[in-house]
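*Asks:* all I have is the shape, not the residue letters:
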């Protein structure tokens, strides 16, 4: 109980509140739109860098193919399909 009172007093002195401390959401960039995500993953597929097998989901494969950013042959060659 004493430690909680000390913590509350310290937080009041610094102007912080309990709610602000618990907020773990990062304030930063806005999430990418689907076109930007498809372009990002297509660049990974089309490059020769390491590509983990589970990195590309089926939905992302469909999105990249629909936008003609990759070919089915390239997806097969990279082990995604």
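*Replies:* That came through, no problem. From a predicted model like this one, the values you see are computed outputs, not experimental measurements.
*Asks:* mind listing the helices in the protein by residue range?
*Replies:* Remark: helices assigned in the chain by DSSP state H are 2-14, 18-22, 34-46, 58-66, 72-77.
*Asks:* ramachandran coordinates for the residue nearest to the spatial centre of the chain?
*Replies:* By CA atoms, centre = their mean, the mean C-alpha position of the chain lies nearest to residue 31, the distance being 8.1 Å. Main-chain dihedrals, residue 31, degrees, to the nearest 10: phi -60, psi 150.
*Asks:* how close does it sit to residue 70?
*Replies:* Distance, residue 31 to residue 70, by CB to CB, to the nearest Å: 22 Å. C-betas here are computed from N, CA, C, even on glycine.
*Asks:* tell me how far residue 29 lies from residue 71.
*Replies:* Taken as CB to CB, the span from residue 29 to residue 71 is 30 Å.
*Asks:* of those two, who's got more company?
*Replies:* It is residue 71, of residue 29 and residue 71, that has more neighbours when counted by other CB atoms under 10 Å, with 13 against 6.
*Asks:* so what's the backbone phi/psi at residue 30?
*Replies:* Phi and psi for residue 30, reported as degrees, to the nearest 10, are phi -70, psi 150.
*Asks:* what about it, how many residues nearby?
*Replies:* Neighbours of residue 30 (other CB under 10 Å): 5.
*Asks:* and it, how far from residue 40?
*Replies:* Applying CB to CB, the value for residue 30 to residue 40 is 15 Å.
*Asks:* before we move on, what about residue 32?
*Replies:* Per CB to CB, residue 32 is found 7 Å from residue 40.
*Asks:* residue 49 too?
*Replies:* Residue 49 sits at a distance of 13 Å from residue 40 (criterion: CB to CB).
*Asks:* tell me which of the two has more neighbours.
*Replies:* Between residue 49 and residue 40, residue 40 has the larger neighbour count (other CB under 10 Å), namely 13 against 6.
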